[in-house]
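> Need a 3D model of the following:
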Amino acid sequence: MKRVGSSGKSLADEPTGMLLYKNGFLVRKVHADTDGKRPRGKRGWKTFYAILKGLILYLQKGEYRPDKQLTDEDLKNAVSIHHSLAMKASDYSKRPNVFYLHTADWRVYLFQANAEQMQSWITRINTVAAMFSSPPFPAAIGSQKKFSRPLLPGTMSKLSEEEQIRSHEARFRAISTELAELRSYPPDRKVKGRELEEYRQRDEYLEFEKTRYGTYVMLLRAKIRSGEEDLSVFESQLLEDNGLQRAHSSPTLQDSSQASQASSTKDGANSSKASGCSGGSKVRQEGQRHSYRQAVKK
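As a prediction, this is how the structure comes out:
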């Protein structure tokens, strides 16, 4: 059996010789299937030996050996991390040290590790995704009333590090603007059903993408500033020096965030007039946690 990634490409066809970025034991639970749908069948916790190699997170039943061939089961369990986002599951209380992994096709996984390794996995996954996720495909020509999330390329980016960060910055600014415009015109209180759901889905998607690209930009800026190619060393510097906060102070990202926040304040006043949106402004200010609660809501 071959598991097909969100790009439509078999994971078995991934190029050989990809760099090994991290490995270790993780306990996994499938929280949501493609497009955030609740998976059928058992969703219990299972222990795997995880290997982050290139843009693929392989999950093996036994411990990793360089000469060990991937089994059909390994390929079935593998997860493509292109355009993904990992984040501490602050709103999950059933187990400690759990993080979410949200993939390009909106699958959501829960992973558990010890406290130190949890943060390491989050940083490593997000850094690799930021380094190698290709720019998105051009938007489809023509208007489409029904909202649908665009497909994202699963191939590794061929851009230089500087070009990659500029690409992510451009997407962050564009999405921030689109989100601000969307929230400037919340649905009328009389709007119900599909139209209200379309608005909610679009808002949820843009909020998540803004968080994802913002995270990518902050990590790549910190990496370039450190001048470190070894991700283990970079990760240590990042956590010791609190480099992520300093990366967030960069004018390009900060200005875009301030503009979006100003718009959100305006939106809060407007949305209080609309049914179903009256409490939205407060929830949106929770930022990244809100993005995940929306994506994994029950």
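
> only C-alpha atoms for contact and neighbour calcs from this point on.
Will do.

> Now do the nearest residue to residue 223 once chain neighbours are set aside against residue 71, distance only.
Distances taken as Cα to Cα, 6 or more residues apart in numbering place residue 234 nearest to residue 223, at 6.6 Å, with adjacent residues excluded. Residue 234 sits at a distance of 33 Å from residue 71 (criterion: Cα to Cα, to the nearest Å).

> do residue 171 as well
In terms of Cα to Cα, residue 171 sits 38 Å off from residue 71.

> just checking, what packs against the lengthiest helix in the chain?
Secondary structure assigned by DSSP state H gives helix 194-226 as the longest helix of the chain. On a contact count with 3 or more Cα pairs under 8 Å, 6 or more residues apart in numbering; DSSP states H and E, helix 194-226 meets helix 115-132, helix 161-184, helix 231-241, helix 243-248, helix 288-296.

> Kindly calculate the angle that that helix makes with helix 115-132.
Using axes from the mean of the first three to the mean of the last three Cα atoms, to 10 degrees, the direction of helix 194-226 lies 90 degrees away from that of helix 115-132.

> Contacts only, for the residue nearest to residue 209 when sequence neighbours are not counted.
Counting by Cα to Cα, 6+ apart, residue 209 lies nearest to residue 175, which is 7.2 Å off, once chain neighbours are set aside. For residue 175, the contact set (Cα atoms under 8 Å, 6 or more residues apart in numbering) comprises 206, 209, 210.

> Point out where the stretch 151-298 of the chain drops to low pLDDT.
Low-confidence segments of the stretch 151-298 of the chain (pLDDT under 70): 241-298.

> Mind doing that once more with 90?
Under the criterion pLDDT under 90, the flagged ranges of the stretch 151-298 of the chain are 151, 185-201, 237-298.

> how about residue 111, secondary structure?
At residue 111, secondary structure determined by DSSP: H, G, I helix; E, B strand; the rest coil is strand.

> how much space between it and residue 198?
30 Å.

> Which one's more surrounded, residue 234 and residue 71?
residue 234 (22 against 14; other Cα atoms under 10 Å).

> Hmm, the more buried one is touching residue 228, no?
Yes - if you go by Cα atoms under 8 Å, residue 234 and residue 228 touch, sitting 5.8 Å apart.

> returning to that earlier point: just the buried positions in the longest helix of the chain, please.
Across helix 194-226, burial judged by 16 or more other Cα atoms under 10 Å covers 196, 199-223.

> Apart from its neighbours in sequence, what residue is nearest residue 55?
residue 81 (5.4 Å).

> Contacts only, for the one you found.
55, 56, 57, 103, 104, 125, 129 are the contacts of residue 81 under Cα under 8 Å, 6+ apart.

> ok, of those residues, which come out buried?
55, 56, 57, 103, 104, 125, 129.

> can you redo the residues you listed as a markdown table with distance to residue 20 and secondary structure?
Formatted as a markdown table, the buried ones among the contacts of residue 81 follow (distance: Cα to Cα, whole Å; DSSP: H, G, I helix; E, B strand; the rest coil):
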| residue | distance to residue 20 | secondary structure |
| --- | --- | --- |
| 55 | 10 | coil |
| 56 | 10 | strand |
| 57 | 10 | strand |
| 103 | 20 | coil |
| 104 | 21 | coil |
| 125 | 12 | helix |
| 129 | 14 | helix |
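
> coming back round to it: state the distance from the residue nearest to residue 209 to residue 204.
12 Å.

> Residue 132 versus residue 126, what's the distance?
Distance, residue 126 to residue 132, by Cα to Cα: 10 Å.
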